[in-house]
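# no letters, just coordinates:
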């Protein structure tokens, strides 16, 4: 008779694939497919399936609801059900478990995994059915054989004995020597025997040696103490299938209350144990890669610390972060990113030692515990081995992809004896690896900790600076490359530190960005620029357009556009007097949201300039689609223009591209006449740098622009 597998999935492609998998299982297997779960339920009311394979996400009803309705049908409670879920569907899996799901497969499903899981479930279910059928046959045989010899009923057994034989629970009684006094039909069916065959035999002989020894030991405890041993679990293998039972042993008493033997009962909890183990696995493992998650990492690091203290040994925690993974996610799609992460997890698992531990702790970040190593050189060697494995090309969706990783290493317990401390040290070392060129590893050092402490102190000082108005702006002029007329300014923030003097952005912007203070600092800059444009306008001086640097973090604040426009309106200035400068990094992150925000800003007349162009990783498609009207060539190209034909060619190409997209080109960092002449030839429209002018304090701008009266035509470039 054919073994029927019911497949329910609203996607025809999946139905065809899963049906083909069933065919690969052998000739005795057949597939019944439905795209509509309602139709599948109707089919089940009139037919029987041996296994169900159900997609979780379906429009008519989800997989959990489908299984719940199946379980309410007569005779359908024992049909094994595999639910297909995506990697992120943790809550869906829990809902399916509650509804009665038996197992799960993660999409996309390989035919090997599909066939193995399906065969295993069918085998277990068949064994359970066989046990119940065998118990029923034994009960019917005894009922028939005893019909003419006992006055107690047609079966020759009391009603209680009939009930005991019928229920799917193993029940047996043994005397003080371990001989079987009684066993019910379900118990004897497990060993493929009749109850009468087992009576008078040593009951423990039915088990394998270890289980037999445990059974005799527990019986001896009950006989000695006359006390029950409740609620323990035992694994019993029947015809190669592992079954889990919840067991109880109690003293068997005679009419005088004396213990004359042991009564044992056992309930099959195999399905419940699977559900419990799967719930635990979900709580402690990453669903995409199958690796342990941050919770399990914390437990293992704490255990490792304790073991190192007890044995006076060392271990190492490696924190690994993929380099520029976000670019792959954004340009190739999350499906490709997920496939890459799974492959990275597999490579890490293969390359580490059996005693090591690997986890995925979020995004593109992994952690590894090296439990045994001979020296720091051996850690170096193993880090290099891990990086080499990760650096091998990946074939993702038929396209070759290469990626690197940065690894931070902290030693246990040398760098710390608390989980949070060791993790923080590894994190600092990992960022040091990124700062030193990426795709390398770095050990934590005390110097890093000092930097971290200094950053924490600087963060507190930044908060004070905001509250105490310690920031100021300087403005660097921008001129037309042909006639050197002033056409713009770039606003540059300065910090008048109470003890360290005037600080440049390079000395504090990173901390402001990392600490989340960049929103407040950036808003202050926008407001101050608008106020100073208005203040000079009130004096009758018309400043040219002012460029304001906006960090990627500020774009995470959905109110950026509103705050910018509100400041422009509050100061009654023309929006074309403001240009915001963004970096290519911003184009990579959340590009759709960024594009919408930029288009809204541009639609109000505010200019948009792409800063440091040529050093990032944005595609030409982003450049084409963005509403930018200015490109700023990075100063690294400018510094080499006199001696590098390649850099001159790059600058000329960028200028040609920008003009084709109706953008002006600004060259920053210009320091001498030779650079200025070459930039003019290359097609740059505007020049900025020390050759033109150093940054000016706000109060000195009047000297530069006192001739630019508001009633005169403005020579500033269109914003």
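The structure has been received and is ready for your questions. In this text the structure is predicted, and so the values were computed from the model without any measurement.
# how much space between the residue lying closest to residue 338 once chain neighbours are set aside and residue 9?
Leaving out its chain neighbours, the residue that sits closest to residue 338 by C-beta to C-beta, 6 or more residues apart in numbering is residue 288, at 5.9 Å. Backbone N, C-alpha and C define where each C-beta goes, glycine included. For residue 288, the distance to residue 9 (C-beta to C-beta, to the nearest Å) stands at 21 Å.
# neighbour count for the two, which is higher?
Between residue 288 and residue 9, residue 9 has the larger neighbour count (other C-beta atoms under 10 Å), namely 25 against 17.
# ok, the more buried one - contacts?
Contacts for residue 9 (C-beta atoms under 8 Å, 6 or more residues apart in numbering) come out as 15, 18, 33, 35, 53, 54, 55, 58, 84.
# could you rerun that using 10 Å?
Neighbouring residues of residue 9 by C-beta atoms under 10 Å, 6 or more residues apart in numbering: 15-18, 33-35, 37, 40, 53-58, 63, 84, 107.
# from the residues you listed, which land in helices?
Mapping the contacts of residue 9 onto helices (DSSP state H) picks out 15, 16, 17, 18, 37, 40, 63.
# who's in contact with the closest residue to the fifth one other than its chain neighbours?
Leaving out its chain neighbours, the residue that sits closest to residue 37 by C-beta to C-beta, 6+ apart is residue 66, at 4.7 Å. Residue 66 makes contact with 8, 37-38, 40-41, 44, 52, 54-56, 58, 60, 81, 83, 96, 99, according to C-beta under 10 Å, 6+ apart.
# do the same with residue 109
Residue 109 is in contact with 14, 17, 18, 21, 53, 82, 84, 117, counting by C-beta under 10 Å, 6+ apart.
# so which of these wins on neighbours?
Counting neighbours by other C-beta under 10 Å, residue 53 leads the contacts of residue 109 with 30 neighbours.
# save the contacts of residue 109 as a markdown table, and put in pLDDT and distance to residue 493 too.
As requested, the contacts of residue 109 are exported to a markdown table (pLDDT from 0 to 100; distance: C-beta to C-beta, whole Å):
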| residue | pLDDT | distance to residue 493 |
| --- | --- | --- |
| 14 | 86 | 55 |
| 17 | 87 | 58 |
| 18 | 90 | 60 |
| 21 | 89 | 61 |
| 53 | 93 | 60 |
| 82 | 90 | 59 |
| 84 | 89 | 53 |
| 117 | 83 | 59 |
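# could you count how many residues lie near residue 306?
Close neighbours of residue 306, defined as other C-beta under 10 Å, add up to 12.
# contacting residues around it?
Applying C-beta under 10 Å, 6+ apart to residue 306 gives the contacts 413, 417.
# and for residue 670?
Contacts of residue 670 (C-beta under 10 Å, 6+ apart): 479, 481, 635, 638-639, 641, 676, 678-679, 684, 687-692.
# so the nearest residue in space to residue 696 that is not next to it in sequence, which of the three states?
Counting by C-beta to C-beta, 6+ apart, residue 475 is the residue found nearest to residue 696 once chain neighbours are left out, at 5.3 Å. When classified by DSSP: H, G, I helix; E, B strand; the rest coil, residue 475 comes out as strand.
# so how far is residue 684 from residue 475?
For residue 475, the distance to residue 684 - C-beta to C-beta - is 20 Å.
# equivalent analysis for residue 227, please.
Distance, residue 227 to residue 684, by C-beta to C-beta: 93 Å.
# of these two, which one has the most company?
It is residue 684, of residue 227 and residue 684, that has more neighbours when counted by other C-beta under 10 Å, with 24 against 12.
# what is the burial count for the nearest residue in space to the more buried one that is not next to it in sequence?
Ranked by C-beta to C-beta, 6+ apart and with sequence neighbours excluded, the top spatial neighbour of residue 684 is residue 667, at 4.4 Å. By other C-beta under 10 Å, 31 other residues sit near residue 667.
# residue 667 sits in which helix or strand?
Element membership for residue 667 (DSSP states H and E) is strand 664-668.
# list the buried residues of that strand.
For strand 664-668, the neighbour count (16 or more other C-beta atoms under 10 Å) marks 664, 665, 666, 667, 668 as buried.
# identify the residues contacting the first one.
Contacts of residue 664 were listed using C-beta under 10 Å, 6+ apart, and they are 480, 487-488, 607, 609, 629-632, 655, 658, 684-686, 717-718.
# can we see that at 6 Å?
Neighbouring residues of residue 664 by C-beta atoms under 6 Å, 6 or more residues apart in numbering: 630, 685.
# and the gap between it and residue 683?
In terms of C-beta to C-beta, residue 664 sits 10 Å off from residue 683.
# how far does stretch 11-20 sit from its chain's centre?
Its chain's C-alpha centre and that of stretch 11-20 lie 28 Å apart, by C-alpha atoms, centre = their mean, to the nearest Å.
# over to stretch 395-414?
That offset, for stretch 395-414, works out to 15 Å (C-alpha atoms, centre = their mean).
# stretch 113-120 too?
Counting by C-alpha atoms, centre = their mean, stretch 113-120 comes out at 27 Å from the chain centroid.
# which residues touch that stretch?
Stretch 113-120 is contacted by residues 21, 25, 51, 103 when judged by C-beta under 6 Å, 6+ apart.
# among those, name the ones in helices.
residue 21.
# out of the contacts of stretch 113-120, who has the most neighbours?
Counting neighbours by other C-beta under 10 Å, residue 51 comes out on top of these with 24 neighbours.
# now do the SS call for residue 681.
Here residue 681 is recorded as helix under three-state DSSP.
# pLDDT score assigned to it?
pLDDT recorded at residue 681 is 92.
# same thing with the one 10 residues further on?
In the prediction, the pLDDT value recorded for residue 691 is 88.
# ok, now residue 83?
Here, the pLDDT recorded for residue 83 equals 89.
# that one is in contact with residue 57, isn't it?
No: look at residue 83 against residue 57 with C-beta atoms under 6 Å: they stay out of range, at 10.2 Å.
# compare the two and say which is more crowded by neighbours.
A count of neighbours by other C-beta under 10 Å puts residue 83 above the other of residue 83 and residue 57, at 26 against 15.
# show the contacting residues for the more buried one.
By C-beta under 6 Å, 6+ apart, the contact set of residue 83 is 54, 56, 63, 96, 101, 104.
# beta partners of it?
For residue 83, the beta-bridge partners are residue 54, residue 104 (DSSP bridges).
# what's around residue 594, how many residues?
Using other C-beta under 10 Å, residue 594 has 19 neighbouring residues.
# again, but for the one 3 residues further on
The tally of other residues near residue 597 (other C-beta under 10 Å) stands at 18.
# swap in the one 10 residues further on?
Per other C-beta under 10 Å, the neighbour tally for residue 607 reads 26.
# now it: phi and psi?
Note on residue 607: its backbone torsions stand at phi -80, psi 160 [degrees, to the nearest 10].
# with that, I have no additional questions.
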